[in-house]
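Trainee: Got a predicted model here, sequence first, then my questions.
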Amino acid sequence: MAMTINQKSKRKIIPVASGKGGAGKSLITANLGLRLGAAGVRTVVVDMDLGGSNLHTYLGYRNKHKGIGNFLSDTKTRFKDIIVQTHVPALRFVPGDVLVTGLSSPTPATRKKLIQAIEAIDADVVLIDLGSGTTPLIIDMFLLSNSGLVVTTPEAPSVLNAYSLLKNVLFRRLQEEFASSKRVASYLKEIQKDKTPGSTPTLRDITDGIKKIDRKYGARATKAISQLKPYLILNMMIQGEDFRIAESLRDLVDRNLGIGLESLGAVFQDPACSMAVRALQPLTDFAPESPAAVQIERMAQKIAQSESFPEMPLDLEEYDSSYGLTSIEIAMDLETFRTSGDSHVAGDARDEEFLEVISTQKREIDQLKGTIRTLTAGADSPF
Ligand SMILES: Nc1ncnc2c1ncn2[C@@H]1O[C@H](COP(=O)(O)OP(=O)(O)OP(=O)(O)O)[C@@H](O)[C@H]1O
Ligand SMILES: [Mg+2]
């Protein structure tokens, strides 16, 4: 089994992808890395957005270091030569290909070289900032873990591209699983090529097709897919109601792809993000009390506190769903940031309605209690 890195070692490899560009991958990856580092978690952030490397900006650096471009173009450059120490002792950074470019579609051999280098990194957490889209590099990197992060905004094109990213991940996973069976491989290639509108097969259709080739393959396909546990981050939320689109995506992914998409958290649209970039400072240093910084830090805590990410880090008895937990967090944040005037997140009638729905449901009140307990328990943590 190739795809069980998170099970093999305590180290967590966490790729960050989004179907559509500009969803906030780099901002979130950089600041997750900074907060994990601040908590003493030995972390490495890798800029794997070849052709569009800009992770250094979100870390507050000008680009001047050798990076993956040098590693790939110069055989004398070893991977450990391009790992840069940041101002946070526990955080290191691997720059992309700003200095040496032209590598955005690496060959299978180059992809393998990159994967081996990443697997060899000595750290507790390795965060990989991927480019947007569904290139083989992105899909292969995403499959380095069973629990990559998918970032989307609430806008339909972004959500749909997140869906197609996951669909490509599923196909690739199956291709790997059945690499030794020519008949399954060519069957998968055939149905993936078919672009007829409405012809997209569901996982059920695919496993049925695979079963027809060999009966015992059906269960194997289902098992391979059920191991995938990607996490969703809904970024640039404007109102509480936006979260419903995340729940719709979860339902669609479950129904059509058979993949259980969990929620890691939500991040409000926050003007502090662009202010920080202009000040050439990381968001969580520049405006640590801003909504986006607080929300990213909360996600970092979830990753840090989880012994075996992707398992939910918090007391499972308190939360029957990661989406329920995120709803509670959003409700709390809407209250906090609306009253403090820190945010321009609209406090309109729909948010009132959203808060009402939340507060009338007993199950969720129970969850809220759990969240508060967790937050207070973390009061003496390094955050
Ligand atoms: N929560 C947010 N609120 C406001 N602005 C944000 C937020 N998240 C990201 N941004 C801004 O959106 C822009 C895109 O963010 P970012 O570069 O992180 O996206 P990306 O997914 O990495 O894009 P690409 O696909 O081009 O690599 C940046 O200007 C960033 O500052
Ligand atoms: Mg980016």
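Mentor: Good, I have the coordinates. Ligands and ions are numbered 1, 2, ... in the order given.

Trainee: My guess is Ile225 contacts Arg172. True?
Mentor: No: taking contacts as Cβ atoms under 8 Å, Ile225 lies outside contact range of Arg172: 11.3 Å. Placement of C-beta: from N, CA and C, glycine included.

Trainee: For Leu165, see how far away the one residue sitting closest to the centre of the chain is.
Mentor: Residue closest to the average C-alpha location in the chain (Cα atoms, centre = their mean): Leu149, at 1.5 Å. From Leu149 across to Leu165, the span is 11 Å (Cβ to Cβ, to the nearest Å).

Trainee: Can you check which residues contact both of the two?
Mentor: Ala17 (Cβ atoms under 8 Å, 6 or more residues apart in numbering).

Trainee: and the residue in the stretch 101-250 of the chain that ligand 2 sits nearest to, which of the three is it?
Mentor: Nearest residue of the stretch 101-250 of the chain to ligand 2: Asp129, at 5.9 Å (Cβ to the ion). At Asp129 the chain is in strand, as set by DSSP: H, G, I helix; E, B strand; the rest coil.

Trainee: any idea which helix or strand carries the closest residue in space to it that isn't next to it in sequence?
Mentor: Computed as Cβ to Cβ, 6 or more residues apart in numbering, the closest residue to Asp129 that is not its neighbour in sequence is Thr29, at 4.1 Å. Assigned by DSSP states H and E, Thr29 falls within helix 25-38.

Trainee: Quick one: list the elements packing against that helix.
Mentor: Contacts defined by 3 or more Cβ pairs under 8 Å, 6 or more residues apart in numbering; DSSP states H and E place helix 25-38 against strand 12-18, strand 43-48, helix 55-59, strand 91-94, strand 125-132, strand 149-152, helix 283-286, helix 291-305.

Trainee: one step back: the residue of the stretch 101-250 of the chain closest to ligand 2: what's it in contact with?
Mentor: Val16, Lys25, Ser26, Thr29, Ala30, Val45, Val46, Asp47, Met48, Asp49, Leu55.

Trainee: Please apply the same query to Met275.
Mentor: Listed by Cβ under 8 Å, 6+ apart, the contact set of Met275 reads Phe286, Ala287.

Trainee: Show me what counts as buried in the helix or strand that contains it.
Mentor: In the assignment (DSSP H and E), Met275 maps to helix 272-278. Neighbour-count burial for helix 272-278, counted by 16 or more other Cβ atoms under 10 Å, picks out Ala272, Cys273, Ala276, Val277.

Trainee: I'd say the last one and Thr57 touch.
Mentor: In this case it means Val277. Yes: using Cβ under 8 Å, Val277 makes contact with Thr57 at a distance of 6.2 Å.

Trainee: Quick check: the residue of the stretch 101-250 of the chain closest to ligand 2 vs Ser306, distance?
Mentor: On the measure of Cβ to Cβ, Asp129 and Ser306 end up 20 Å apart.

Trainee: same thing with Val169?
Mentor: For Val169, the distance to Ser306 - Cβ to Cβ - is 21 Å.

Trainee: looking at the protein, which helix or strand does the model trust least?
Mentor: In the chain, no helix or strand scores lower on mean pLDDT, DSSP states H and E than helix 5-8, which sits at a mean of 44.

Trainee: Near the residue lying closest to Tyr58 once chain neighbours are set aside, how many residues? Count them for me, please.
Mentor: Counting by Cβ to Cβ, 6+ apart, Ala30 is the residue found nearest to Tyr58 once chain neighbours are left out, at 3.5 Å. Ala30 has 30 neighbouring residues, counting by other Cβ atoms under 10 Å.

Trainee: pLDDT at Ala30, what is it?
Mentor: pLDDT, Ala30: 98.

Trainee: near ligand 2, which residues of the protein?
Mentor: Within the chain, the positions adjacent to ligand 2 are Lys25, Ser26 by Cβ under 5 Å from the ion.

Trainee: Just give the number of residues close to the residue of the chain found nearest ligand 2.
Mentor: Relative to ligand 2, the nearest point of the chain is Ser26 (3.2 Å; Cβ to the ion). When neighbours are defined as other Cβ under 10 Å, Ser26 has 27 of them.
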